[in-house]
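1. need a 3D model of the sequence below.
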Amino acid sequence: MTELDSEEREILEAYQAGRLEPVALSREDLAAYRAAARAVSRKDKRVNIRVPAPDLEQLQVRAMQEGLPYQSLIASILHKYVTGQLVAKA
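-> As a prediction, the model looks like this:
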């Protein structure tokens, strides 16, 4: 088994202690996330980028809240941006 880093150990300990709460998603949200994951799951190119550690940590937290692997969340965000589905809030 792979060695856990401090953040992973903290999450595991919180889970084992029962301190984590499930996130309730509507059927529409869940369907949208599944569709986004399917859309980006067709992987035919690899990209390596450097991301500031705080940004990556926030992405990982957000992905965990959404129930997605963080790389899938990043791919989904990129897909939405290039297809014009990601827009700034008014």
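2. okay, the strand or helix carrying Arg9 in PDB with CA atoms only?
-> Using DSSP states H and E, Arg9 falls within helix 6-16. Output in PDB follows, covering the C-alpha atoms of helix 6-16 (Å, rounded to 0.1, in the frame of the first residue of the first chain):
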ATOM      1  CA  SER A   6      -0.500  14.100   6.200                       C
ATOM      2  CA  GLU A   7      -3.600  15.400   4.500                       C
ATOM      3  CA  GLU A   8      -4.700  11.900   3.500                       C
ATOM      4  CA  ARG A   9      -4.000  10.600   7.100                       C
ATOM      5  CA  GLU A  10      -6.100  13.500   8.400                       C
ATOM      6  CA  ILE A  11      -9.000  12.600   6.100                       C
ATOM      7  CA  LEU A  12      -8.800   8.900   7.000                       C
ATOM      8  CA  GLU A  13      -8.800   9.700  10.700                       C
ATOM      9  CA  ALA A  14     -11.800  12.000  10.300                       C
ATOM     10  CA  TYR A  15     -13.600   9.300   8.400                       C
ATOM     11  CA  GLN A  16     -12.800   6.600  11.000                       C
END
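3. worst-scoring helix or strand of this structure, pLDDT-wise?
-> Least confident helix or strand, the chain: helix 27-40 with a mean of 84, by mean pLDDT, DSSP states H and E.
4. host element of the most centrally placed residue in the chain?
-> Nearest residue to the geometric centre of the chain (CA atoms, centre = their mean): Ala63, 2.3 Å. Per DSSP H and E, Ala63 falls inside helix 53-66.
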